[in-house]
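**Student:** Prediction below, plus the sequence it came from.
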Amino acid sequence: MINEFYKNFKVRDYMNEEILKVAQANDVIDCSLGTNPFMNENIIKECVKQSTYEINKYPSIEYEKLKEQLLEFWNKQIGKTIDKENIAFGSGTMGMLRNISQFLIDEGTNILGCAPQFPRFISEVELRKGIYECVNLKKENNYKFIVDDFLNKINGAYQVISIENPNNPTGQIIDVQDIEKIVKKAKQYDIFVIVDEAYGDYMPLENSAITLVDKYNNLIALRSASKYFGLPNHRIGYLFADKEIVKIYNEISLPFPFSDLSASIFTKILKRYEELEETKLKTMTVNEKIYKALKAEDYIYTSLETPIFTIRTDKYENLTKKLSEKGMIAESCGYFINLDDHYARIRIHKDYEKIIKILLEVL
């Protein structure tokens, strides 16, 4: 029979059926799931045409090509030598978090997070019957991450730490020097640190925790092709970590998390990375225009480089629902610990003028 725990288990998710139905309408502006609104679709189409794969074979060769391309890309960017044994793949960051949870989290494992943070990770902790605790970002600091507050919480009671950089849902970027302080202190207590960089390609490459992998064997840095690279449908995730961690990860994870076609497309897009740089400039330009149009108290601490930000108001019991009535789909913050339904996460859109118009009406 099915265990009662799993019968009653409910995942933390910010999309609900009502919002999904609204999202299907033609007259709404979708600012929900985190994709790159400025991705040049012609680049993707060209990479698809140039991609190689064999339909009647399991993925293998293209995975190796992708691994080589990632290593070439990162070693060139960070000026360090990382080899194939430091990299592994998964089905997006969510798939990789589940794989990692399989060998790092057991019943009673104590995990330290930062609230608010990606609720699906908390779901993975709860699914494994771990114990999730968090350092709440303070409202009086406008939810800015203060590294000393986090460092003061680290002690031998924890086995795993999880942080996002940039943070989801605030969009704020944490300096890699602060990340290193956390990893360094965590190492003193034999604590593993997971740094989820799903939106990391919007940061300067030198700000990635990947730059620290060769120094710390307790660090796992996750990346995704779903956001900046515009491939959410392909579910490509990759991580860099110590060789021993990667070895264990590969032993417990399911093989073939994405297709050869997907691997080949991403390999070719990586080679054209410089052509995507303009999307960062567009993101910053649009963000600046949105922030200038709003009052400072309308949104919480964020970074111009990141395509997501969080707004707030006490005018309505459910801000996301109000936005949907006005024709905008946003992510509810009701499932984010330390936030509630008075907050909504917005992903910027090409039609930023419509975003501004709706937000000014609502806020």
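**Tutor:** It's in. Numbering: from 1, shown residues only.
**Student:** C-alpha only now, for contacts and for neighbours.
**Tutor:** Will do.
**Student:** Ranking helices and strands of the protein by mean pLDDT, which lands last?
**Tutor:** Least confident helix or strand of the chain, by mean pLDDT, DSSP states H and E, is helix 17-23 with a mean of 59.
**Student:** how distant is stretch 115-127 from the center of its chain?
**Tutor:** 12 Å (Cα atoms, centre = their mean, to the nearest Å).
**Student:** I meant stretch 227-243, not that one.
**Tutor:** Distance, centroid of stretch 227-243 to centroid of chain: 10 Å (Cα atoms, centre = their mean).
**Student:** Same question for stretch 144-156.
**Tutor:** Per Cα atoms, centre = their mean, the centroid offset for stretch 144-156 relative to its chain is 21 Å.
**Student:** what sits against Glu164?
**Tutor:** Gln117, Phe118, Val195, Asp196, Glu197, Ala198 (Cα atoms under 8 Å, 6 or more residues apart in numbering).
**Student:** from these, which has minimum pLDDT?
**Tutor:** Lowest pLDDT among those: Phe118, with 93.
**Student:** what residues are up against the nearest residue to that residue once chain neighbours are set aside?
**Tutor:** Leaving out its chain neighbours, the residue that sits closest to Phe118 by Cα to Cα, 6 or more residues apart in numbering is Asn168, at 5.6 Å. Counting by Cα under 8 Å, 6+ apart, Asn168 touches Pro116, Gln117, Phe118, Ile308.
**Student:** got JSON lines for these, with neighbour count, secondary structure and distance to Lys292 too?
**Tutor:** JSON lines is the format used below for the contacts of Asn168 (neighbours: other Cα atoms under 10 Å; DSSP: H, G, I helix; E, B strand; the rest coil; distance: Cα to Cα, whole Å):
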{"residue": "Pro116", "neighbour count": "22", "secondary structure": "coil", "distance to Lys292": "24"}
{"residue": "Gln117", "neighbour count": "25", "secondary structure": "coil", "distance to Lys292": "26"}
{"residue": "Phe118", "neighbour count": "24", "secondary structure": "coil", "distance to Lys292": "27"}
{"residue": "Ile308", "neighbour count": "28", "secondary structure": "strand", "distance to Lys292": "16"}
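**Student:** Using a markdown table, lay out those together with distance to Tyr143.
**Tutor:** As requested, the contacts of Asn168 are arranged in a markdown table below (distance: Cα to Cα, whole Å):
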| residue | distance to Tyr143 |
| --- | --- |
| Pro116 | 9 |
| Gln117 | 11 |
| Phe118 | 15 |
| Ile308 | 15 |
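**Student:** wait, which of these is closest to Ile329?
**Tutor:** Nearest to Ile329, judged by Cα to Cα, of these is Ile308 at 13.1 Å.
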